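**Student:** From the sequence below, what's the structure:
(chains A and B)
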Amino acid sequence: MAKESVLALRGISKRFGAVQALTDVDLEVVAGEVIALVGDNGAGKSTLVKTIAGVHPIDEGSIEWEGRPVSITRPHDAQELGIATVYQDLALCDNLDVVANLFLGNEARHASVLDEIAMEKRAMELLDTLSIRIPSVRIPVASLSGGQRQVVAIARALIGDPKVVILDEPTAALGVEQTAQVLDLVERLRERGLAVILISHNMADVQAVADRVAVLRLGRNNGVFDVATTSHEEVIAAITGASDNAVTRRQARTEKEAAQ
Amino acid sequence: MSDTVDKERGTEDTKAGSGSAPADGADGGAGNGAADRAVDPRLLVREQGFAGYLTEFRRKVRGGELGSLPVILGLIIIAVIFQSLNENFLSAGSVSDIGVYIAGTGIMATGIVFVLLLGEIDLSVGSVAGVGAAVWAVLSVTHGLNDWLAVLIAIVAGLCIGGLHGFFFAKVGVPAFVVTLAGFLGWSGLQIWLMGQEGSINTPDGSVVEDLTGYYFEDIAAAYGLALVGVLAYAGALLVDARRRRAAKLPSRPVSEIVVRTVAMAVVAFVAAYVLNQSRGLPLALVLFLAVLVIADFGVRRTTYGRQIFAVGGNAEAARRAGINVEWVRISVFGIAGMLAAFGGLFIASLSGGATKSLGAGNTLMNVIAAAVIGGTSLFGGRGKIWSALLGILVIQSIQQGLNLLGMASEIQYMITGAVLLAAVVIDSVSRRTQKTAGRT
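**Tutor:** Numbering: from 1, shown residues only, chains lettered A, B, ... in the order given. Next up is the predicted model:
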């Protein structure tokens, strides 16, 4: 791969009590690329993402940021590095308007007096560059549609100029058109040179925007596929482990015997 | 986001989105969105000029964003009814009395607005007001401490008591309702204990607390001057804001709207000043109450701290993830409520001629909470204005004043105030429901 990786995970393991959630997982995230993280429920996707975001510190393994080893033990560490996470439950304040939500916890201010005009201007610019269309930046988030709320949540993650954006199931509760809007936005993030980690259950979405697909199965790596050259079925097989069961093993054996 | 109206909105939005998608593709998303920003009929872009302002106002009312409208209508209706029943209701003396009487409970209601913005409730403000008055009276009168120092200690005591409530709520996780209910009982016990044998301590002549509601600026220039300063500051703030927004190429208020707002403000301010000057002049109590309102309003609307209060009231988890210290916000808000309660208690002591064992008991708590809610601050958190304390307490005090003039017994007053409170909460709940169906929670 020509481009250098922004973030690399090497041999990550994570235990919760008796449960081994992650075992020896590797992941490489490259700038200007969308990597999809897929796997069945309980495969460890969310745990992996939370270790990157600093919610759960890792037990074993190392994390490299732009080639040098770093330790991420708190959400703050991840934010400092430039990792922004958009969680499944959007974490927007319904009663605040779009501008207030975008800058929440990161307000433009003189002393502690808010500079609403600077914030509104920057919000408009940001939404324009992302071609996000919402009725007004001064209406409460509660009055936006599901897709609009999702793009606001993603835009919010971009306020701190991150290098890696993690999207946890961004299209889970959205309709067809709204999903398309969010996927458009994901592509625009890639065009801006950001690295995007996309967690999704929806293979159609993954095929639509991702460059590579990293499959997790039972807390282990189960292959990284190039989307352009991999069929839908191969990825599904890796997710479900369909290529590794009694039937397929028998099939492979009989084919081998037949060949001999 | 589960009702059908929202879904309909959602699909409409996306239709528009798909319509404009090819255009985006054509310019390659080059970031010149502002230039080709499609004018969509459903977008809430305010038309320029005064007509646009009216359209937006009508849309807001239809959508359930009533704002201060019901209260202002209510005040007008109250004034008309009582004036027709008793011609003294709008006399200078009566209005001046209302202006003085609202100060104590109004300041307490301002504290309650802070707590309601968090989506919580403080049931202890009446008792804390009593403790504040008792602390001042015991220190200043019984122990002969410096009057100013005693007042300061009383206010700090309120701050500490409120902070303690906040600590149990935010750190320990006891529901605010229970913590402040315990406080309601406990602090009124402390108040009675502090007052000891006497039962009441009269305000000495010439003390700071007596002046709180007893002092009037008799020079007519004071009332007119304050009205002028207020109106000029208001108009100036609007104009500066509009100019900065225009400079930043953001939508700004049309000049016509600024003129209308300023004129409305000026009429209210100067009529009030004129009426007050017909009586005893500008009451110090009203000046202090307005000062508390202005400072609190600025803090809530224009500072990061105020933004944090709204965020915690709207979605505490989102606020926490945004790096806001939720526990500190909660503790400090209860501290502010306690502080303003103790400060308001001093006004009540001043009005009633001294601190008593029962100061702040009875319907004080109900009136304070009712004032905040009647003024339009939601009980459900995250929505409201500091000025609702003023509007709400004006409604309550006007009703009491009117009923007193008519010689009605206090039991009738209780029933009427109760009905008004219920009406206010009904308006809050209904407008919330309307806002939901209109997609604006």
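
**Student:** what's around residue A:192, how many residues?
**Tutor:** 16 (other C-beta atoms under 10 Å in any protein chain shown). For the C-beta atoms, the positions are set from N, CA and C on the backbone; glycine is no exception.

**Student:** And it, its phi and psi?
**Tutor:** Main-chain torsions, residue A:192, degrees, to the nearest 10: phi -80, psi 0.

**Student:** what pLDDT does it get?
**Tutor:** Listed pLDDT for residue A:192 reads 87.

**Student:** Next one: it relative to residue A:87, how far apart?
**Tutor:** Distance, residue A:192 to residue A:87, using C-beta to C-beta, to the nearest Å: 21 Å.

**Student:** cool, residue B:227 as well?
**Tutor:** Distance from residue B:227 to residue A:87, by C-beta to C-beta: 51 Å.

**Student:** Over to residue A:259?
**Tutor:** 50 Å.

**Student:** before we move on, what about residue B:109?
**Tutor:** 38 Å.

**Student:** who has more neighbours, the two?
**Tutor:** Shown here are residue B:109 and residue A:87; by other C-beta under 10 Å, residue B:109 has more neighbours (35 against 21).

**Student:** was I right about the more buried one contacting residue B:387?
**Tutor:** No. With contact defined as C-beta atoms under 8 Å, residue B:109 does not reach residue B:387; the gap is 10.8 Å.

**Student:** which element is the closest residue to residue B:186 other than its chain neighbours on?
**Tutor:** Using C-beta to C-beta, 6 or more residues apart in numbering or on different chains and skipping residues adjacent in sequence, the residue nearest residue B:186 is residue B:127, 7.6 Å away. For residue B:127, the enclosing helix or strand under DSSP states H and E is helix B:125-137.

**Student:** ok, now residue A:95?
**Tutor:** Going by DSSP H and E, residue A:95 is not in any helix or strand.

**Student:** What is the burial count for it?
**Tutor:** Neighbour tally, residue A:95, other C-beta under 10 Å: 24.

**Student:** Angles on the backbone of it, please.
**Tutor:** According to degrees, to the nearest 10, residue A:95 has phi -80, psi -20.

**Student:** Surely it and residue B:382 touch.
**Tutor:** Yes. Under the criterion of C-beta under 8 Å, residue A:95 makes contact with residue B:382 at 3.6 Å.

**Student:** in the sheet, who's paired with residue A:7?
**Tutor:** Beta bridges link residue A:7 to residue A:29, residue A:65, judged by DSSP bridges.

**Student:** how about it, what does it touch?
**Tutor:** A:27, A:28, A:29, A:52, A:63, A:64, A:65, A:83, A:164, A:195 (C-beta atoms under 8 Å, 6 or more residues apart in numbering or on different chains).

**Student:** Apply 6 Å and report the result again.
**Tutor:** Counting by C-beta atoms under 6 Å, 6 or more residues apart in numbering or on different chains, residue A:7 touches A:29, A:65, A:164.

**Student:** ok, the first one touching residue A:6?
**Tutor:** When you say that, I think you mean residue A:29. Yes. Assessed by C-beta atoms under 6 Å, residue A:29 is found in contact with residue A:6 at 5.5 Å.

**Student:** does residue B:235 really touch residue B:264, like I thought?
**Tutor:** No. Using C-beta under 6 Å, residue B:235 makes no contact with residue B:264, being 11.2 Å away.

**Student:** more neighbours, these two?
**Tutor:** A direct count of neighbours by other C-beta under 10 Å for residue B:235 and residue B:264 places residue B:235 higher, at 17 against 10.

**Student:** Break chain A down into its domains, please.
**Tutor:** Split into domains by automatic domain parsing, chain A comes to A:5-82+A:162-259, A:95-161.

**Student:** hmm, back to that, identify the contacts common to residue A:95 and residue B:382.
**Tutor:** residue B:314.

**Student:** List the buried residues in the helix ranked longest in chain A.
**Tutor:** In chain A, taking DSSP state H as the definition, the longest helix is helix A:176-191. Buried residues in helix A:176-191, counted by 16 or more other C-beta atoms under 10 Å in any protein chain shown: A:177-186, A:188-190.

**Student:** same deal with stretch A:229-239?
**Tutor:** Here stretch A:229-239 shows A:230, A:234, A:235, A:237, A:238, A:239 as buried, counting by 16+ other C-beta under 10 Å.
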